[in-house]
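# model this:
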Amino acid sequence: MMRGYLEKIMGLYTGSDGDIQKKMVADLLEGFPAEGLNNKQVQVIKFHFPEKIGTWENTMQKTILLVRNPVDTIVSNFH
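Here you go, the predicted model:
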């Protein structure tokens with residue numbers, strides 16, 4: 001939801017560390033045109049740290065840290 005707010009309210013493009021070869025990630029391209037990008041083309045990158053440590057080089061200068069309640073993520077992690 002945070003990415004949606006940033007794109008709609010602030011007009012930013014948001015990317016992610018997701019692999020667009022995977023269907024669940026590719027489906028996000030409908031709502032997020034920069035899904036799967038994690039370079040200077042996007043202003044905000046959603047990443048799954050620490051789940052995916054070392055999947056891409058971190059070149060960030062600033063960070064928004066959004067931590068979800070682990071209980072609320074059980075269903076998401078299951079899928």
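# buried ones in the host helix or strand of Ala26?
Secondary-structure element containing Ala26, defined by DSSP states H and E: helix 23-26. For helix 23-26, the neighbour count (16 or more other Cβ atoms under 10 Å) marks Val25 as buried. C-beta: built from backbone N, CA, C; applies to glycine.
# who does the next helix or strand after that helix pair with, and is each partner parallel or antiparallel?
Next along the chain after helix 23-26, taking DSSP H and E as the criterion, comes strand 44-46. If you go by DSSP bridges, strand 44-46 pairs up with strand 14-16 (parallel).
# is it true that Glu35 touches Asp17?
No. In this structure Glu35 lies outside contact range of Asp17 using Cβ atoms under 8 Å: 10.4 Å.
# and these two? Which one has more around it.
Set side by side, Glu35 and Asp17 show more neighbours around Glu35, with 21 against 17, by other Cβ atoms under 10 Å.
# tell me how far the spatially closest residue to that one that is not a sequence neighbour lies from Lys62.
Distances taken as Cβ to Cβ, 6 or more residues apart in numbering place Leu28 nearest to Glu35, at 4.5 Å, with adjacent residues excluded. Noted for Leu28: a distance of 23 Å to Lys62, by Cβ to Cβ, to the nearest Å.
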